[in-house]
Structures are given as C-alpha cells and as structure tokens.
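> my questions concern the predicted model and sequence given below.
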Amino acid sequence: MDEWKRVAWSNESRFLIHHVDGRVRERRLPGEQLLPSCTADHTQAGGGGIMLCGTFSWGALGPVVVVEQTMKAANYLNIIADQLHPYMAFVFPTGNGIFQQDNAPCHEARFVLEWFEEHTGEFHLMSWPPNSPDLNQMEQIWDVMER
C-alpha cells in the first residue's frame, strides 16, 4: 500500500458539450405524426468540448490543465515541465514519487522520455502495460466528472 501512495496518476480526457451517440430518440402518442417541431437537430462533433490533462496522488490533487490544441509531444512536454514537475517536487520532496502515464504517442516521444531520464533523481516514471486504461485511477475521476 505504501508504494501506491507514492504514485501520481495522470491522464487526458475530452469532455463534449453534448453526448452524441448517433441515435435519434422520439416519443409520440399512438397515431401522432412526426412533426418537425418535435425533432432535434443533429449536433456534429459533440457540439464542441474541452480537453483536460489532470494529475492526482494520495497526498494531493494535482494540476488540471486545459489543452487548447491537439496533444502533441511538444505540448505534453510543456505541461510536464511547467505543471507536473513543480507538483512532484512539492508532493514528493524526497524524490521518491512515481509518475504514471499511459503509452500515448505524445508520452512516448524520444525527447519526452529523455526529459524524464534527466529528472530521474527527482521522481521515477512508472512502466505502464499497453492497452490497460482500466488500471489508471484517473479514469474513475473522469467518469465522475463526465456525468
């Protein structure tokens, strides 16, 4: 249990304004016609949304950053250097923290991994198995926020 208390969980998630699943729902009384005034227009791409990148650990909630563009490796490294690095130093001042990230392409870029190697004395990067989002505790937080 003590080792899990040293983990800072992270993830990105997109939240849509409208949940669009492609189904059209209608309610009519028997014999009632389908009137244009009773139908909803189709919303494309969820009607817009917001992408967030968040972190938390046993000791403290971490930064939640609005991602204003597509998450590329350079954007991700800026978030890591500007937001995560001070958070890890504050929550794990002895350098025993473990940072969890999934295997998204922007996380696995060579220069991102090199940045983590340069900061190994300050915190460690958790090895993450492929295709295992259900293990990430941050997913539970996103699920609650999405409701």
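Looks like it came in fine.
> hey, where'd the helices end up in the protein?
73-79, 85-91, 110-118, 138-146 (DSSP state H).
> closest one to residue 60 among the ones you listed?
Residue 60 lies closest, by CB to CB, to one member of the helices of the chain: helix 85-91, at 5.1 Å. Every residue, glycine included, has its C-beta placed from N, CA and C.
> show me what the closest one packs onto, helices and strands only.
Under the contact definition 3 or more CB pairs under 8 Å, 6 or more residues apart in numbering; DSSP states H and E, helix 85-91 sits against strand 7-16, strand 61-67, strand 97-99.
> ranking those by burial, who's on top?
strand 97-99 (a mean of 21; mean count of other CB atoms under 10 Å).
> partner strands of that one and their direction?
Note on strand 97-99: by DSSP bridges, its sheet partners are strand 7-16 (parallel), strand 123-125 (parallel).
> hmm, what's the outermost residue in this structure?
No residue in the chain sits farther from the centre than residue 31, which is 47.2 Å out by CA atoms, centre = their mean.
> ok, that residue - contacts?
Applying CB atoms under 8 Å, 6 or more residues apart in numbering to residue 31 gives no contacts.
> below-threshold pLDDT in the protein: ranges please.
18-27, 34-47, 133-134, 147 (pLDDT under 70).
> can you do 50?
Counting by pLDDT under 50, not a single residue of the chain qualifies.
> what would the helices of the chain look like in CSV with distance to residue 102 and mean neighbour count?
Listed next are those as CSV, based on distance: least, CB to CB, whole Å; neighbours: other CB atoms under 10 Å:
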stretch, distance to residue 102, mean neighbour count
helix 73-79, 11, 16
helix 85-91, 17, 17
helix 110-118, 13, 12
helix 138-146, 9, 13
